[in-house]
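Asks: okay, sequence plus prediction incoming.
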Amino acid sequence: MIINTELEYKGNMFPSQIASYEKDLDTLSFTTENGVILHITVVRDSVLRFRYTTTGIFENDFSYAITKYASRGYNHLEVSEEEDKYVITTSKLICHVFKADLRSAIFDAKDNSIICQDELGFHWEESYEFGGDIVKMSKNAQEGESYYGLGDKPVDNNLKGKRFENWVTDSYAYGKNTDPIYKAIPFYTGLHNKKAYGIFFDNTFRSFFDFCQERRNITSFWAQGGEMNYYFIYGPEMSEVVANYTDLTGKPHELPALWTLGYHQCKWSYYPESKVKEITKKFRDLKIPCDAIYLDIDYMDGFRCFTWNKEYFPDPKRMVQELKEDGFKTIVIIDPGIKIDHDYSVFKEGLENDYFCKRADGPYMKGKVWPGECYFPDFTNPEVRDWWSNLFRELVEEIGVKGVWNDMNEPAVMEVPGKTFPYDVRHDYEGHHCSHRKAHNIYGMQMARATYQGLKKFSYPKRPFVITRAAYSGTQRYTSSWTGDNVATWEHLSIANLQAQRMCMSGFSFIGSDIGGFAEQPNGELYARWIQLGVFHPFCRTHSSGDHGDQEPWAFGDNITDVVRKFIELRYQLLPYLYTAFWRYAEEGIPILKSLVLYDQHDTHTHYRNDEFIFGEKILACPINEPNAKGRRMYFPKGEWYNFWTDELVNGGQELWVDADLDSMPVFIKAGAMIPKYPIQQYVGEKEIEELILDVYYKEGKETSQVYEDANDGYDYIKGRYSLRNFTLTGRENELIIQQHKSGKYTTPYETLKLRIHGLPFKIKTVKIDKVEYSFKDLKLNGDNTLEVHKDFNDLHIM
Ligand code: MIG
């Protein structure tokens with residue numbers, strides 16, 4: 001715990017006896033004799049908000065994290081008073097609030113089992129240096145409890161036994177267990193007795209979580225200022241906890257354009273224009289699919305944002321247009337630091353309008369970044385965000401740039417202790433003026449938000465695309481993200497896997513790592529293994545610092561190029577599958593990657609697994625994390641799984657060896673799944689899709705699958721112009737039934753579904769499509785059980 005060593009030491013203070021209780025609609029208010037107030041708001045039957053003040057009044061209620069679209073409302077709320085406590089009952093939860101000391105305990109309303117219980121509960125320490133309180137909470141860990149989440153922490157999935165800090169930090173070449181790094185997502189899921197709940201501590205000050213490290217049976221969290229303000233989210237399924245957290249903090253405001261789910265190539269830096277063209281041409285010559293090419297800071301004139309180095313890029317508009325004709329979308333980097341230069345229009349505008357951050361006593365916040373000495377826009381001011389968003393007009397509307405990459409937005413400052421702004425810097429914070437202590441963790445989020453606003457405006461009627469390095473809870477509404485400056489080592493390959501899974505279980509699914517590693521150079525084997533993992537991440541981009549050598553798919557010899565091509569091609573084939581998973585995420589908050597614990601928390605074997613994960617709903621993947629491997633052991637969750645490469649059927653609930661030479665990787669398909677595929681394209685939209693392939697994996701029993709499609713970009717889907725196919729597969733000993741229920745007003749360009757049936761245990765004799773029977777002879781059936789059916793069929797019986 002934090003000990004206040006400044007001045008007078010008063011130590012921890014605690015709420016005393018409850019003196020009064022009031023109920024105002026959905027909010028219950030408890031006041032103690034020593035003036036502490038607790039507000040419990042019933043957000044939903046399974047979501048309670050706890051908010052404490054020690055001063056008798058609450059500050060303005062404002063949060064950057066909580067979305068205005070969050071669902072609210074409950075079915076049942078009852079409060080009763082007993083001798084020693086108040087009892088709050090919803091349809092999902094029972095919450096006790098003890099009269100003696102304001103502590104609380106939460107139970108499952110179904111079976112009265114304990115879910116989460118205060119130990120000391122809320123307590124605080126006065127902050128002599130800054131005013132206000134250091135706010136603290138401690139809870140009892142339940143027997144066998146495990147913990148998950150917290151954003152981008154580069155640690156094993158289960159957080160038990162560790163302590164963490166949330167303070168957004170530029171962390172070049174971080175390693176396993178480095179903490180904190182780029183993101184602050186103060187949300188975790190606790191799991192015990194097969195039941196999961198979540199806690200989102202919505203406090204943007206520097207905060208800490210201790211999962212039974214300091215004391216074996218105690219979990220605590222605290223922050224250096226602000227309010228004790230947290231949401232308790234009940235499952236009991238972990239997937240529900242994550243979905244409810246994502247509902248609170250927001251789903252992506254729109255689906256990403258399909259091309260953004262293709263492969264991206266990046267380096268620090270590709271310049272001049274001829275180099276960019278050489279790279280893009282090579283992709284097409286070698287037939288390696290690629291949709292996006294990146295320009296890092298060297299495209300600018302002296303690192304001035306929104307300018308071009310005309311020597312390297314004499315005619316950006318022409319170049320971007322030519323790249324576009326070849327299927328490449330151009331993405332450029334934009335940093336927050338604005339060069340102090342009185343001849344530079346962005347600087348002048350910022351200065352004239354008073355848009356830059358200032359120190360406590362008035363001078364501008366001056367810091368050194370790539371352009372030299374800079375000032376920094378205060379993105380927590382809505383007027384500044386508007387201004388910033390309009391700066392993208394030329395880049396996006398005129399020049400045709402399709403995406404913007406926000407870097408250094410922690411904010412990173414060079415050559416100073418702490419590598420960021422000092423605490424005293426002032427921020428608008430939507431009119432709730434504050435210091436950098438409070439605004440630091442959301443600065444990058446607000447920059448990405450302002451960028452998003454610009455991209456959205458000027459890309460219209462197409463969808464915006466933004467990438468950010470720094471993030472706080474809720475940033476997923478506006479942007480994708482990458483995991484920052486990793487290193488080309490085998491350990492970092494497994495860190496990338498952990499970080500992507502962890503971000504997904506923290507509500508932020510549009511995530512990927514710098515494939516191959518940013519710092520240093522991978523050998524061909526490491527690069528190939530990393531590509532294999534990367535094609536199963538929602539955001540798929542190779543990036544490197546460049547000064548250690550080339551890192552393009554062809555940089556490691558023909559053998560490696562072939563492996564890389566094979567896996568990027570697989571990514572493009574799986575695009576409708578990934579897009580469907582993204583739609584599920586954007587609609588319902590279901591993470592795109594599911595760690596095994598999130599997939600099946602009832603199987604305790606999953607609680608400590610790190611490497612295996614589910615991609616979308618039906619694909620089990622596990623990277624090879626070691627050099628010279630011919631395969632590996634991995635755990636299979638319960639159920640039946642088909643080896644993707646051989647169709648061999650594996651029974652789950654056990655650990656098994658899987659062969660995987662360098663050109664392969666352990667990938668399995670859940671029995672009963674129907675996996676949609678497109679043909680291989682060199683970029684999204686290269687080909688008209690003439691048929692949808694559905695790989696159908698036989699199972700005895702029932703399984704449902706979905707395929708979501710739309711125009712791949714634009715906003716028509718919001719008006720109902722999408723196509724959703726809901727399939728139910730039912731397998732019996734000598735019959736396979738597939739039913740389709742279709743919804744949405746989008747007409748897909750193809751007419752045919754090509755079903756390729758795997759693992760069918762019988763020989764096909766007859767097929768009935770919508771009650772019409774076809775004998776074996778009439779069918780366009782070839783030896784491998786491939787069947788072409790009209791896309792609108794309702795009911796298919798294979799006998
Ligand atoms: O101080 O723009 O994480 O992806 O290539 C380094 C140069 C600044 C850090 C980013 C990295 C990017 C690099 N940037």
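Replies: Good, I have the coordinates.

Asks: so which bits of the chain are right by the ligand?
Replies: Residues of the chain lying close to the ligand by Cβ under 6 Å from any ligand atom are W268, D296, I297, I333, D407, M408, R469, G484, D485, F518, H543. (Each C-beta comes from the backbone N, C-alpha and C, glycine too.)

Asks: let's see that with 5 Å instead.
Replies: For the chain, the residues in contact with the ligand (Cβ under 5 Å from any ligand atom) are W268, D296, I297, D407, D485.

Asks: what element comes up after the longest helix seen in the chain heading to the C-terminus?
Replies: As assigned by DSSP state H, the longest helix anywhere in the chain is helix 436-459. Per DSSP states H and E, the first helix or strand lying C-terminal to helix 436-459 is strand 466-468.

Asks: can you mark which positions in the longest helix of the chain are buried?
Replies: Within helix 436-459, the residues scored as buried using 16 or more other Cβ atoms under 10 Å are 436-459.

Asks: my guess is D26 contacts H76. True?
Replies: No: using Cβ atoms under 8 Å, D26 is not in contact with H76, being 11.9 Å away.

Asks: who's more crowded, these two?
Replies: With neighbours defined as other Cβ atoms under 10 Å, D26 and H76 compare such that D26 has more, 15 against 12.

Asks: for the nearest residue in space to the more buried one that is not next to it in sequence, which three-state class applies?
Replies: Closest residue in space to D26, ignoring its immediate chain neighbours: V42 at 4.8 Å, by Cβ to Cβ, 6 or more residues apart in numbering. Classification of V42 by DSSP: H, G, I helix; E, B strand; the rest coil places it in strand.

Asks: quick check: V42 vs the ligand, distance?
Replies: Counting by Cβ to the nearest ligand atom, to the nearest Å, the gap from V42 to the ligand is 42 Å.

Asks: burial count for that residue?
Replies: Applying other Cβ under 10 Å, we find 23 residues neighbouring V42.

Asks: residues contacting it?
Replies: Counting by Cβ atoms under 8 Å, 6 or more residues apart in numbering, V42 touches D26, T27, L28, L48, Y74, L77, I88, T90.

Asks: again with D663
Replies: Contacts for D663 (Cβ under 8 Å, 6+ apart) come out as D562, V563, K566.

Asks: neighbouring contacts of stretch 395-404?
Replies: Under Cβ under 8 Å, 6+ apart, the answer for stretch 395-404 is 260, 292, 306, 316-317, 320-321, 324, 329-334, 392, 451, 454-455, 458-459, 462, 464-467.

Asks: just the buried residues of the residues you listed.
Replies: 260, 292, 306, 316, 320, 329-334, 392, 451, 454-455, 458-459, 462, 464-467.

Asks: where does the protein get nearest to the ligand, residue-wise?
Replies: Residue nearest to the ligand within the chain: W268 (3.6 Å; Cβ to the nearest ligand atom).

Asks: roughly how far out does the longest strand belonging to the chain sit from the chain middle?
Replies: What stands out as the longest strand in the chain, according to DSSP state E, is strand 114-126. Counting by Cα atoms, centre = their mean, to the nearest Å, strand 114-126 is centred 29 Å from the centre of its parent chain.
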